[in-house]
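*Asks:* model this:
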Amino acid sequence: MLGQTQVSRVERRWVEFVERWPTPESLTRSTLAEVLVFWQGLGYPRRAANLHRAAELIVTRHAGIVPASIPELLALPGVGPYTARAVLAFAYERDVGVVDTNIARVLARVDGRRLTPSEAQRSADSWVPSGEGWAWNQSMMDLGALYCRPVDPACGGCPLARRCRWRSEGFAGPDPAIGSAGVSGRQARFAGSDRQARGRLLARLGAGPLPLGDAPSGCGLDDADRAFSIVDGLMADGLVTEVDGELHLGGGTR
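*Replies:* Reported below is the predicted structural model:
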């Protein structure tokens with residue numbers, strides 16, 4: 001929920017989510033449509049679909065218990081290297097390095113160069129003190145957010161200032177964090193975007209089926225070709241289905 005979504009929008013909804021679906025098995029008892037209706041307003045509904053599909057696999061393959069190995073976690077829908085290691089570090093307290101935007105920025109600046117994904121991961125893993133994986137990754141995230149900021153870093157209070165090559169070299173050249181592995185770029189404008197139109201259509205379908213021909217109005221668009229392209233994308237993502245000329249939210253009922 002927190003990926004590119006503000007904490008203020010997530011906090012209350014997270015509590016509601018875990019109260020309603022406290023286990024993977026409980027989530028599988030709801031349809032994807034029900035999960036998508038709940039998810040409205042949090043953005044990136046594909047994540048809700050992946051979460052629902054992952055819960056189904058956790059139940060069928062892992063007896064309802066979230067797996068505790070990177071290969072098994074990576075086999076779940078929507079789980080990439082960051083999420084897999086975050087689960088291990090924060091849920092299972094394993095000594096693995098987590099590479100999010102903030103941590104990747106610290107790693108690149110301390111090393112004084114852009115890092116590939118594998119370089120950033122190896123560096124992050126090598127920094128984790130034995131038995132301190134949970135606290136270490138939390139601290140590194142805070143360090144990147146509060147001190148090693150994207151703009152105007154607070155180097156004076158940074159505990160890594162003395163070993164930071166970018167600082168010791170006088171901040172010469174471009175910021176090595178830009179383009180480095182794990183460092184996200186500026187998010188595309190939401191207003192007028194396909195993401196906004198997708199959200200409008202999903203919200204409309206949350207109230208019930210919609211004739212396919214009404215997709216442009218459901219998207220809030222005058223451009224029919226663009227609207228039907230958005231429908232195609234939602235169907236490819238498994239978020240919308242068409243039944244007898246009507247659009248339905250989710251992959252249908254079970």
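*Asks:* R46 is in contact with G199, correct?
*Replies:* No - at 11.6 Å, G199 and R46 do not qualify as touching, with contact defined as Cβ atoms under 8 Å. Where C-beta positions appear, they are placed from N, C-alpha and C, glycine not excepted.
*Asks:* packing partners for the helix or strand bottoming out on mean pLDDT in the chain?
*Replies:* Least confident helix or strand of the chain, by mean pLDDT, DSSP states H and E, is helix 194-205 with a mean of 92. Using 3 or more Cβ pairs under 8 Å, 6 or more residues apart in numbering; DSSP states H and E, the elements in contact with helix 194-205 are helix 45-62, helix 215-219, helix 224-236, strand 240-243, strand 246-249.
*Asks:* and the contacts of that helix?
*Replies:* When contacts are taken as Cβ atoms under 8 Å, 6 or more residues apart in numbering, the neighbours of helix 194-205 outside the stretch itself are 36, 40, 43, 45, 188, 190, 210, 215, 218-221, 226-227, 230-231, 233-234, 239-240, 247-249.
*Asks:* just the C-alpha atoms of it, please, in CSV.
*Replies:* Coordinates of the C-alpha atoms in helix 194-205 are reproduced here as CSV (Å, rounded to 0.1, in the frame of the first residue of the first chain):
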residue,chain,number,x,y,z
ASP,A,194,-4.4,6.8,-18.2
ARG,A,195,-3.9,5.9,-14.5
GLN,A,196,-6.6,8.4,-13.6
ALA,A,197,-8.9,7.1,-16.3
ARG,A,198,-8.3,3.5,-15.2
GLY,A,199,-9.2,4.5,-11.6
ARG,A,200,-12.4,6.2,-12.7
LEU,A,201,-13.5,3.1,-14.6
LEU,A,202,-12.7,0.7,-11.8
ALA,A,203,-14.6,3.0,-9.4
ARG,A,204,-17.6,2.9,-11.7
LEU,A,205,-17.5,-0.8,-12.0
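*Asks:* helices of the stretch 51-200 of the chain, start to end?
*Replies:* With DSSP state H, counting those that start in this stretch as the definition, the stretch 51-200 of the chain shows helices at residue ranges 70-74, 81-86, 101-111, 117-127, 133-146, 165-168, 194-205.
*Asks:* as CSV, those helices with distance to R53 and mean neighbour count would be great.
*Replies:* Shown next, in CSV, are the helices of the stretch 51-200 of the chain (distance: least, Cβ to Cβ, whole Å; neighbours: other Cβ atoms under 10 Å):
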stretch, distance to R53, mean neighbour count
helix 70-74, 14, 15
helix 81-86, 14, 20
helix 101-111, 26, 24
helix 117-127, 25, 17
helix 133-146, 27, 18
helix 165-168, 41, 17
helix 194-205, 17, 20
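*Asks:* for stretch 4-21, buried residues please.
*Replies:* Judged by neighbour count using 16 or more other Cβ atoms under 10 Å, the buried positions of stretch 4-21 are V10, R13, F17, W21.
*Asks:* mean confidence (pLDDT) on it, please.
*Replies:* Predicted confidence along stretch 4-21 averages 92 (mean pLDDT).
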